[in-house]
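**Q** structure, please.
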Amino acid sequence: MKHLLRYTLALTCALSPVLALADDKDSPKKETPLVPPRKGKSETIKLFNGKNLDGWIGHADKWSVTDGVIVGKNTTPVPVSTYLLTKDSYSDFRLLVKGKLVQSEMHTGIAFWGRNAPEKGDKYTYAGHLVMFPSGWGMYDLFGRNGLPVDGGPARKVGKQHDWNNLEILAQGNRVQVAVNGVKVVDWRDPEPNRIKVGPLGLQLHSNKVPQEVQFKDLILTTFPEGDKLITVK
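**A** Numbering: from 1, shown residues only. Reported below is the predicted structural model:
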């Protein structure tokens with residue numbers, strides 16, 4: 001009887017991983033919820049006046065304006081990614097912006113649906129969603145889930161590494177659509193909409209040990225945009 005009991009226990013342990021895999025395979029996948037666009041006043045805003053950084057906050061030694069362009073630049077190491085943040089917060093929006101990586105091969109990006117997170121090591125760092133460009137095209141969850149399941153391949157085909165890229169980000173409900181140089185490259189819904197926050201937008205100067213420079217201009221934002229189509233797609 002003892003031998004039979006030991007055999008039964010051993011067989012059960014051996015089969016447990018197989019049974020678990022079968023259960024996982026057979027269990028239905030959790031569907032991503034469809035969160036509809038939020039309602040609010042729709043207005044179009046120039047986020048950048050072309051002259052100074054009124055309406056923005058960030059490290060004065062890293063962000064400046066030159067010839068009508070926002071410049072993010074470092075000559076000493078940046079231990080934690082830092083951001084130029086809008087003073088106002090947003091939920092649903094359409095953002096048109098031109099961005100350029102001038103120096104280094106490290107990506108930059110535009111952060112949204114999150115918050116300023118100084119407890120993470122920099123007064124102006126960000127916790128939330130990020131659309132990355134031009135190196136490592138894709139999306140990221142800063143101080144959260146890390147890389148998000150967004151294919152960067154389509155953007156790499158049309159993006160420019162050290163030249164101006166025309167970007168459109170359409171964020172509605174839990175859906176994010178992105179166009180690069182007139183081509184739709186992202187259409188993704190966040191499966192965890194509880195992570196979405198009403199928060200500032202942020203322009204990224206990535207953590208790096210080497211000098212780098214990023215530039216942004218022509219930032220036009222529409223709050224609570226009508227329709228769900230990218231307007232720059234050819």
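**Q** C-alpha only now, for contacts and for neighbours.
**A** OK.
**Q** just for the chain, where's the confidence low?
**A** Applying pLDDT under 70 to the chain flags the ranges 1-29.
**Q** go with 50
**A** Judged by pLDDT under 50, the chain has its weakly predicted residues at 1-25.
**Q** nearest spatial neighbour of the residue positioned nearest the centre of it, skipping sequence neighbours?
**A** Residue closest to the average C-alpha location in the chain (Cα atoms, centre = their mean): residue 130, at 1.3 Å. Excluding its sequence neighbours, the residue lying closest to residue 130 (Cα to Cα, 6 or more residues apart in numbering) is residue 111, at 4.3 Å.
**Q** and the one you found, helix, strand or coil?
**A** strand (DSSP: H, G, I helix; E, B strand; the rest coil).
**Q** ok so, going back, wait, the residue nearest to the centre of the chain sits on residue 136?
**A** No. The pair residue 130 and residue 136 fails to qualify as a contact (Cα atoms under 8 Å) at a distance of 11.7 Å.
**Q** measure the closest residue in space to residue 122 that isn't next to it in sequence to residue 135 for me?
**A** Distance criterion Cα to Cα, 6+ apart; nearest residue to residue 122, sequence neighbours excluded, is residue 80 at 6.1 Å. Counting by Cα to Cα, to the nearest Å, the gap from residue 80 to residue 135 is 18 Å.
**Q** what's the nearest residue to residue 149 if we skip its chain neighbours?
**A** That would be residue 139: by Cα to Cα, 6+ apart, it lies 7.6 Å from residue 149.
**Q** who does that neighbour form a beta bridge with?
**A** residue 131 (DSSP bridges).
**Q** same thing with residue 85?
**A** Counting by DSSP bridges, the residues bridging with residue 85 are residue 57, residue 202.
**Q** contact partners for it?
**A** For residue 85, the contacting residues are 56, 57, 58, 124, 200, 201, 202, 203, by Cα atoms under 8 Å, 6 or more residues apart in numbering.
**Q** which of these are buried?
**A** Using 16 or more other Cα atoms under 10 Å as the burial test, these include 56, 58, 124, 200, 201, 202, 203 as buried.
**Q** give me the distance between the closest residue to the fourth one other than its chain neighbours and residue 47.
**A** This points to residue 200. Distances taken as Cα to Cα, 6+ apart put residue 89 closest to residue 200, at 4.2 Å, once the chain neighbours are dropped. To residue 47, residue 89 is 12 Å away according to Cα to Cα.
**Q** before we move on, what about residue 149?
**A** In terms of Cα to Cα, residue 149 sits 29 Å off from residue 47.
**Q** okay, these two: which has more neighbours?
**A** Set residue 149 next to residue 47 and count neighbours by other Cα atoms under 10 Å: residue 47 wins out with 21 against 11.
**Q** wait, doesn't that one sit right on residue 222?
**A** No. Look at residue 47 against residue 222 with Cα under 8 Å: they stay out of range, at 9.9 Å.
**Q** JSON lines for the buried ones among the contacts of residue 85, including distance to residue 171?
**A** Listed next are these as JSON lines, based on distance: Cα to Cα, whole Å:
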{"residue": "56", "distance to residue 171": "20"}
{"residue": "58", "distance to residue 171": "23"}
{"residue": "124", "distance to residue 171": "22"}
{"residue": "200", "distance to residue 171": "13"}
{"residue": "201", "distance to residue 171": "12"}
{"residue": "202", "distance to residue 171": "14"}
{"residue": "203", "distance to residue 171": "16"}
